[in-house]
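K.L.:
sequence and predicted structure are below.
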2 protein chains.
Amino acid sequence: MKVALDMMGGDEGEKASVLGLRHYAANNNCDDVEFVLFGDKSKIENILKSAAANFAFNIYDTGTNVVTNDEKPASVIKKGRGTSMFEAIAHVAKKKADAVVSSGNTGAYMALSKMLIGTINGIDRPAIVSMIPNLKNKTVMLDLGANTDCSSIKLVQFALMGQAVAKVLLKIDKPKVGLLNIGTERSKGTEPLEKAYDLLKQEENIDFIGFVEGTDITNGVVDVIVTDGFSGNISLKTMEGTIKYIMHILKQGFDSTIVGKLRYLACGSVFRSLKTAIDPRNHNGAPLVGLKEIVIKSHGHSDYIGFAHAISVAIEFAKSDFVIDIERMIANTNEVAA
Amino acid sequence: MKVALDMMGGDEGEKASVLGLRHYAANNNCDDVEFVLFGDKSKIENILKSAAANFAFNIYDTGTNVVTNDEKPASVIKKGRGTSMFEAIAHVAKKKADAVVSSGNTGAYMALSKMLIGTINGIDRPAIVSMIPNLKNKTVMLDLGANTDCSSIKLVQFALMGQAVAKVLLKIDKPKVGLLNIGTERSKGTEPLEKAYDLLKQEENIDFIGFVEGTDITNGVVDVIVTDGFSGNISLKTMEGTIKYIMHILKQGFDSTIVGKLRYLACGSVFRSLKTAIDPRNHNGAPLVGLKEIVIKSHGHSDYIGFAHAISVAIEFAKSDFVIDIERMIANTNEVAA
């Protein structure tokens, strides 16, 4: 198996990527994996200490050609060739690798993947999936990309794709799928939501439990939550803000006074276990679903631990029949819808 | 000043209401307030211990006539007369009281208020405001009612009404107002949002700082967050779910083992300060804005502490020029829009 890595994306650039790769290799068996690294060869080798590397890899030198975070997708599509991101995606598009990972510019990554790899028949724009911790395990939530205006058929596609993600990452054969709304009754919410509700009720190969509410994202009543990219984005960012707020209040209790320090000694472990549970690095690696190959987005802020997790996600997907699985299901719904 | 109270609404019925009223009176000067209680006289008097009451009140006996939680607004409008909720609202509509508070059926409360009191000229449906704790103080957020589909002019009205709420509850003369979106650039988001953005930029008597994101609800960069009822509902319930999730993880650390109990002894105060900060009872009392009178919704689950807080909110509004303030601002925008 081969995994293409854009080593130059993200706030920490090659540092996070190289150390992340080493961190992954140090904690996982890499006998059957070869890593194909795209980026500035000299910079990568400086940190990689190739001699000491206990995993198979080769480097495609793209020098200083990188996609910056403020570059517009349109310009990247025109002038992106030769950058580490472009070449890493192209490598997968040419079937020379089984998956690609990048922490770079999301819009550019999405646009280049669409152009070079293409979307599955019936899908016009890929969705971005996020893994959210819940009281039982994790919730697969989509779309968190830019599908702000969602037709009912799109929501049905998200449901099928989310189910496929849950099979791979949560190892659940028949995941429970819910549609995010402002109430659980059939009559609640917008017209596309009600239409999607009816279509999903007809779907045989999906365990659709109906409408769910914002409180259900983290309580584990469903494995997959389907929503349009607008609500999804607002929901996820509300969650981030709420967590920051709570951590801030807790930190105040563990201030620099003697009492605060003693408290931390006494129950730092509780505080740390919370930190671990909500640490985004442990949930990093968002698949762009609906593409013909496996494309994993690592968060731009992610450090080496986050990047290592994104690599593990890529390998999980590469081992599975993810794309074929989705192609089959989408084909079926399109027949139903047609 | 007179405040009408529906004593029979909410999960705990008259118990929460009567004890809530006594709790309020025990902690606040009630010399210039008279409470008008609507409900089952005998039940109320049993708990109230009238003789011991240190506040002015009189009871309108509505016997066992109550609006239940599962009753549909339409039927309450037809057959609601004589219930504690109906009569409490009617009392304010007849100008016999300055504000009304109820923990009852939200849909019915909204419908009856619209019918009996009426909305301010230019507003077709009231918005529900929620107060959310943030890193600096509190955020006024609206709409959290059922205005799921929102035109740009409605969003502008929410902004003006939210500003009026912030003036009363946060005592800020020129509150910062933000419009909830999936990004801060003018080009992000839906067409009504962009239109509302432009209209708000033109508004002279509002400190509009532009688009804000979900993370900004709790970080205190704005005092007022404006959104449609759909996104608002999902955002608020996501927040509730996230808080439940985090409290659950923290509780695990303070389990029933000796170690867990010792931990709680050591830093229970940190845990408690967090609980206090996020305790919904301390934020209870949501104004239904856009009505010609002051109508406060207390949460159905709220106990006596929550109900007491809702009473304090009602009195804050009754002391202010809230309705006139909104009428003036809405009239101006309607001219602008016309």
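P.N.:
Structure's in. What do you need?

K.L.:
which residues sit against the lowest-mean-pLDDT helix or strand in chain A?
P.N.:
Least confident helix or strand of chain A, by mean pLDDT, DSSP states H and E, is helix A:322-337 with a mean of 82. Helix A:322-337 is contacted from outside by A:120-123, A:153, A:156-157, A:160-161, A:163-165, A:167-168, A:199, A:202-203, A:205, A:289-294, using Cβ atoms under 8 Å, 6 or more residues apart in numbering or on different chains. Bear in mind the C-beta positions are built from the backbone N, C-alpha and C, glycine included.

K.L.:
quick one: A:Ile132 and A:Gly214 touch, right?
P.N.:
No - under the criterion of Cβ atoms under 8 Å, A:Ile132 makes no contact with A:Gly214, lying 11.6 Å away.

K.L.:
these two: who's more crowded?
P.N.:
A:Gly214 (26 against 21; other Cβ atoms under 10 Å in any protein chain shown).

K.L.:
what count of nearby residues applies to the residue nearest to that one when sequence neighbours are not counted?
P.N.:
Computed as Cβ to Cβ, 6 or more residues apart in numbering or on different chains, the closest residue to A:Gly214 that is not its neighbour in sequence is B:Lys237, at 2.9 Å. Here the count is done by other Cβ under 10 Å, and B:Lys237 has 21 residues near it.

K.L.:
quick one: residues contacting B:Lys237.
P.N.:
By Cβ under 8 Å, 6+ apart, the neighbours of B:Lys237 are A:213-215.

K.L.:
what would those look like in JSON lines with distance to B:Glu194 and secondary structure?
P.N.:
Below are the contacts of B:Lys237 laid out as JSON lines (distance: Cβ to Cβ, whole Å; DSSP: H, G, I helix; E, B strand; the rest coil):
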{"residue": "A:Glu213", "distance to B:Glu194": "28", "secondary structure": "coil"}
{"residue": "A:Gly214", "distance to B:Glu194": "25", "secondary structure": "helix"}
{"residue": "A:Thr215", "distance to B:Glu194": "30", "secondary structure": "helix"}
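
K.L.:
out of the residues you listed, which is nearest to chain B?
P.N.:
A:Gly214 (2.9 Å; Cβ to the nearest Cβ).

K.L.:
tell me the secondary structure at A:Ile132.
P.N.:
Under DSSP: H, G, I helix; E, B strand; the rest coil, the three-state class of A:Ile132 is strand.

K.L.:
any idea which element the nearest residue to it once chain neighbours are set aside lies in?
P.N.:
Nearest residue to A:Ile132, sequence neighbours excluded (Cβ to Cβ, 6+ apart): A:Thr139, at 4.5 Å. A:Thr139 is part of strand A:138-142, with elements assigned from DSSP states H and E.

K.L.:
contact residues of the stretch 51-200 of chain A facing chain B?
P.N.:
The interface of the stretch 51-200 of chain A toward chain B, taken as Cβ under 8 Å from any Cβ of the partner chain, is made up of A:133-135, A:146, A:148-149, A:180, A:182, A:189-190.

K.L.:
what about those, which are in strands?
P.N.:
A:133, A:180 (DSSP state E).

K.L.:
which of the residues of the stretch 51-200 of chain A next to chain B are buried?
P.N.:
Buried members of those, counted by 16 or more other Cβ atoms under 10 Å in any protein chain shown: A:133-134, A:146, A:148, A:180, A:182, A:189-190.

K.L.:
stretch A:207-227: end-to-end distance?
P.N.:
16 Å (Cα to Cα, to the nearest Å).

K.L.:
sorry, back to before: and the buried ones among the residues of the stretch 51-200 of chain A next to chain B as TSV, adding distance to B:Asn54 and pLDDT?
P.N.:
Converted to TSV, these look like this (distance: Cβ to Cβ, whole Å; pLDDT from 0 to 100):
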residue	distance to B:Asn54	pLDDT
A:Pro133	49	94
A:Asn134	48	95
A:Ala146	59	68
A:Thr148	55	72
A:Leu180	48	97
A:Ile182	42	91
A:Gly189	48	77
A:Thr190	50	85
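
K.L.:
which one of these is nearest to B:Cys30?
P.N.:
A:Ile182 (37.8 Å; Cβ to Cβ).

K.L.:
my guess is that closest one contacts A:Lys188. True?
P.N.:
Yes - here A:Ile182 reaches A:Lys188: they are 5.9 Å apart, a contact under Cβ under 8 Å.

K.L.:
helix/strand/coil for A:Gly9?
P.N.:
A:Gly9 is classified as coil under three-state DSSP.

K.L.:
burial count for it?
P.N.:
34.

K.L.:
distance of it from A:Leu144?
P.N.:
18 Å (Cβ to Cβ, to the nearest Å).

K.L.:
tell me what the spatially most central residue of chain A is bridged to.
P.N.:
Centroid check for chain A by Cα atoms, centre = their mean gives A:Ala286 as the closest residue, at 0.5 Å. Assessed by DSSP bridges, A:Ala286 has beta-bridge partners A:Lys297.

K.L.:
test my guess that it contacts A:Lys297.
P.N.:
Yes - with contact defined as Cβ under 8 Å, A:Ala286 reaches A:Lys297; the gap is 4.6 Å.

K.L.:
secondary structure class for the residue lying closest to A:Ile246 once chain neighbours are set aside?
P.N.:
Once flanking residues are discounted, A:Ile246 sits nearest to B:Ile246: 5.5 Å by Cβ to Cβ, 6+ apart. The three-state label given to B:Ile246 by three-state DSSP is helix.

K.L.:
what of A:Phe38?
P.N.:
strand.

K.L.:
ok, it to chain B distance?
P.N.:
Distance, A:Phe38 to chain B, by Cβ to the nearest Cβ, to the nearest Å: 28 Å.

K.L.:
related to what we said a few turns ago, between A:Ala286 and A:Lys297, which contacts overlap?
P.N.:
Common contacts of A:Ala286 and A:Lys297 (Cβ under 8 Å, 6+ apart): A:Ile128.

K.L.:
once you drop chain neighbours, what's closest to the residue of the stretch 51-200 of chain A found nearest chain B?
P.N.:
Using Cβ to the nearest Cβ, the single residue of the stretch 51-200 of chain A nearest to chain B is A:Ile182, 4.1 Å away. Excluding the flanking residues, the one nearest A:Ile182 by Cβ to Cβ, 6+ apart is B:Asn233, at 4.1 Å.

K.L.:
now do A:Tyr24
P.N.:
A:Ala308 is the one closest to A:Tyr24 (Cβ to Cβ, 6+ apart), at 4.1 Å.

K.L.:
now do the buried residues in the helix or strand harbouring that neighbour.
P.N.:
Here A:Ala308, judged by DSSP H and E, is contained in helix A:304-319. For helix A:304-319, the neighbour count (16+ other Cβ under 10 Å) marks A:304-311, A:313-318 as buried.

K.L.:
I'd assumed A:Ile59 was in a strand, is it?
P.N.:
Yes - in this structure, A:Ile59 lies within a strand as judged by three-state DSSP.

K.L.:
burial of it, as a residue count?
P.N.:
Neighbours around A:Ile59, by other Cβ under 10 Å: 19.

K.L.:
likewise for A:Lys261?
P.N.:
A:Lys261: 13 surrounding residues under other Cβ under 10 Å.

K.L.:
swap in A:Lys174?
P.N.:
Applying other Cβ under 10 Å, I find that A:Lys174 has 12 neighbouring residues.

K.L.:
show the backbone phi and psi for it.
P.N.:
phi -130, psi 80 (degrees, to the nearest 10).

K.L.:
and the residue lying closest to it once chain neighbours are set aside, bridged to which residues?
P.N.:
Excluding its sequence neighbours, the residue lying closest to A:Lys174 (Cβ to Cβ, 6+ apart) is A:Asp207, at 5.0 Å. Legend: beta-bridge partners of A:Asp207 under DSSP bridges are A:Lys176.
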